[in-house]
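Participant: what's the 3D shape of this:
(2 chains)
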Amino acid sequence: MEITLTHYLVLSTVLFAIGLIGVMRRKNLLMLFFATEILLNSVNIALVAISHFYGDFTGQMFAFFIIAIAASEVAVGLGLLVLWFKRYNTIDLDNMTSMKG
Amino acid sequence: MFEAAAFYLFAFLTIAMFWITVTTKHALYALTALAAGMIFISAFFFILDADFMGVVQLIVYSGAVMALYAFGMMFYDTTRELHEKQGNNTLVFVLSGLSALIVVAMVAAPLVGGNVEAHYPIVEGVGNSQAIGMVLFTKYLVPFEVAAVMLLVAMIAGIVMAGKKMDESYSELSEDEIDTKNAGGVA
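Facilitator: Reported below is the predicted structural model:
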């Protein structure tokens, strides 16, 4: 049985949906970061698969830059998390409602 | 045949690991399941002949990002169970499924149209890492430098935000001293 591009796109969809479920359900900042990583990784799979099946390096390049962006996101996000935890002693999302109307 | 077996095995493992990550009530399970899922995703990159991306995935995600998250875990009471939003579960599933389908439609629309051409075709007789280097340092040199600057900015931001009052070691203070410090520090 031949593995085609469709297989990889379906897998990417499933992983993206799992990540979105995590973003919507989680109540903790750290768990929210985990779900974000899942989103980024599912897109990476789709990009590299398209790059492979169309013989083009652009997909791999973009996946490479997405990894770099994910790394900076983690660095800045964890810095903010540390700040928030020092000030309020909690990282629950329900307490971050200072912009609630 | 082997490719199909590997694809289905790793697809099952990845989905299972990420499902554990978003559903488990224990933060440590979520962390380890996420790390395992990252490692399994690198297997897809190796199957797809993207050796360089596979190695980068292993080093950056399973190495650096997971170490950072493990560091973040210390702000987290791992013995306490997570409390989830008890909202409308059907709505969550429908919304996430729809959004994922739309994303795939956006990615797949040019493929269905059939007007995709390789801008930077894969060169014959050259290894993956070498070919990546040839494309990265010619066509994508400017984005590469911008990404480097972005990583530097992120590093400085992380140090500035997390490094405040690093000279005070809480482990050498008594409980009362920490309490008075916290009482004075809370805005």
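
Participant: got the contact list for B:G37?
Facilitator: Counting by C-beta atoms under 8 Å, 6 or more residues apart in numbering or on different chains, B:G37 makes contact with A:38, A:41, B:13-14, B:17-18, B:21. (C-beta placed from N, C-alpha, C; glycine too.)

Participant: what mean pLDDT does the one helix or strand A:S12 maps to have?
Facilitator: Take DSSP states H and E as the rule and A:S12 turns out to sit in helix A:5-25. Helix A:5-25 shows a mean pLDDT of 89.

Participant: say whether chain B is contacted by that helix.
Facilitator: Yes: judged by C-beta under 8 Å from any C-beta of the partner chain, helix A:5-25 comes into contact with chain B through A:5, A:7-22, A:24-25.

Participant: tell me which other helices or strands the lowest-mean-pLDDT helix or strand in chain A touches.
Facilitator: Counting by mean pLDDT, DSSP states H and E, chain A has its least confident helix or strand at helix A:58-88, which shows a mean of 87. For helix A:58-88, the contact count by 3 or more C-beta pairs under 8 Å, 6 or more residues apart in numbering or on different chains; DSSP states H and E identifies helix A:29-53, helix B:51-56, helix B:66-72, helix B:128-136, helix B:141-162 as packing neighbours.

Participant: again, only using 10 Å
Facilitator: helix A:29-53, helix B:51-56, helix B:66-72, helix B:128-136, helix B:141-162, helix B:175-185 (3 or more C-beta pairs under 10 Å, 6 or more residues apart in numbering or on different chains; DSSP states H and E).

Participant: pick the most deeply packed of those.
Facilitator: Mean neighbours per residue, mean count of other C-beta atoms under 10 Å in any protein chain shown, is largest over the helices and strands packed on helix A:58-88 for helix A:29-53, with a mean of 23.

Participant: element containing B:D49, please.
Facilitator: Assigned by DSSP H and E, B:D49 falls within no helix or strand.
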